[in-house]
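J.: pasting a predicted model and its sequence here:
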Amino acid sequence: MRLVGFAAGVCAVLALAGCSEAVDGQPEASGAPLTKEQLFDPCAVSDSVLLAAGADPASKDDNPFSVPRPDWKGCGWRAGDHFISFFSTTNTLQQFRENQYFRDFRDVTVDGRPALQFYLGSINPPEECEIVFDTSQGRVTLTASKASSSNSTTDPCVWVNDAASHFASSIPR
């Protein structure tokens with residue numbers, strides 16, 4: 001059942017599959033591309049952060065991709081009538097901007113730090129919104145996805161911005 005709820009978020013990750021390989025010579029904070037092992041572990045977020053964001057720690061899905069992904073780590077949780085997904089990746093902010101699955105980019109500030117917010121897919125009204133942070137441990141994304149059973153008309157960017165304010169202290173600089 002949880003896989004159904006995460007399908008939309010996983011589609012976003014899979015949409016990056018065409019640009020998911022680290023680019024040779026592309027510097028990270030250390031001067032070299034990161035490996036998956038060096039990425040931030042989003043599954044290590046504390047239960048107190050999850051609860052503050054309205055997510056159910058017991059609903060944790062630590063295999064949202066169903067198959068291993070060489071350039072992503074991630075977890076997701078049910079949060080009322082939507083899902084919160086927390087990922088880290090070796091993909092660059094430029095790769096996010098160039099991906100045609102993403103739209104309506106907007107620079108935002110979360111807890112004093114810059115981030116990039118956008119909708120996923122072409123559905124209107126949107127059912128998914130994501131915020132991506134550039135960190136020393138890869139790009140870290142937070143996604144809010146409307147559950148298929150939800151009748152909510154709330155913009156998913158409202159959900160993800162609310163969650164981001166709680167997750168921000170867990171995201172590396």
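T.: Great, that's in hand. Numbering: from 1, shown residues only.

J.: how close does the residue nearest to residue 57 when sequence neighbours are not counted get to residue 77?
T.: Nearest in space to residue 57, with sequence neighbours left out and distances taken as Cβ to Cβ, 6 or more residues apart in numbering, is residue 47 at 4.3 Å. For every residue, glycine as well, the C-beta is placed using N, CA and C. Note on residue 47: its distance to residue 77, by Cβ to Cβ, to the nearest Å, is 10 Å.

J.: ok, residue 48 next?
T.: From residue 48 to residue 77 the distance is 13 Å (Cβ to Cβ).

J.: which neighbours do residue 47 and residue 77 have in common?
T.: In terms of Cβ atoms under 8 Å, 6 or more residues apart in numbering, residue 47 and residue 77 are both contacted by the residues residue 57.

J.: which one of the two is surrounded by more residues?
T.: It is residue 77, of residue 47 and residue 77, that has more neighbours when counted by other Cβ atoms under 10 Å, with 23 against 12.

J.: just to check, the more buried one is in contact with residue 62?
T.: No - here residue 77 does not reach residue 62: they are 10.1 Å apart, not a contact under Cβ atoms under 8 Å.

J.: pLDDT on stretch 47-67, on average?
T.: What stretch 47-67 shows for mean pLDDT is 93.

J.: and that stretch, what's buried?
T.: Using 16 or more other Cβ atoms under 10 Å as the test for burial, stretch 47-67 gives 49-50, 53-55, 59-61, 64-65.

J.: CA atoms only for it, dumped as CSV, please.
T.: Provided in CSV are the C-alpha atoms of stretch 47-67 (Å, rounded to 0.1, in the frame of the first residue of the first chain):
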residue,chain,number,x,y,z
ASP,A,47,11.2,10.8,14.9
SER,A,48,10.8,14.2,16.6
VAL,A,49,11.4,15.9,13.3
LEU,A,50,8.9,13.6,11.6
LEU,A,51,6.3,14.2,14.2
ALA,A,52,6.7,17.9,14.1
ALA,A,53,6.3,17.8,10.3
GLY,A,54,3.1,15.7,10.7
ALA,A,55,4.6,12.5,9.4
ASP,A,56,4.1,9.1,11.0
PRO,A,57,7.4,7.5,11.9
ALA,A,58,5.8,4.1,11.9
SER,A,59,5.0,4.5,8.2
LYS,A,60,8.6,4.7,7.1
ASP,A,61,9.5,3.3,3.7
ASP,A,62,13.2,2.9,3.5
ASN,A,63,13.0,1.3,0.0
PRO,A,64,11.0,3.9,-2.0
PHE,A,65,12.7,2.9,-5.3
SER,A,66,12.0,-0.8,-5.0
VAL,A,67,15.4,-1.4,-6.7
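
J.: that's all I had, so thanks and see you.
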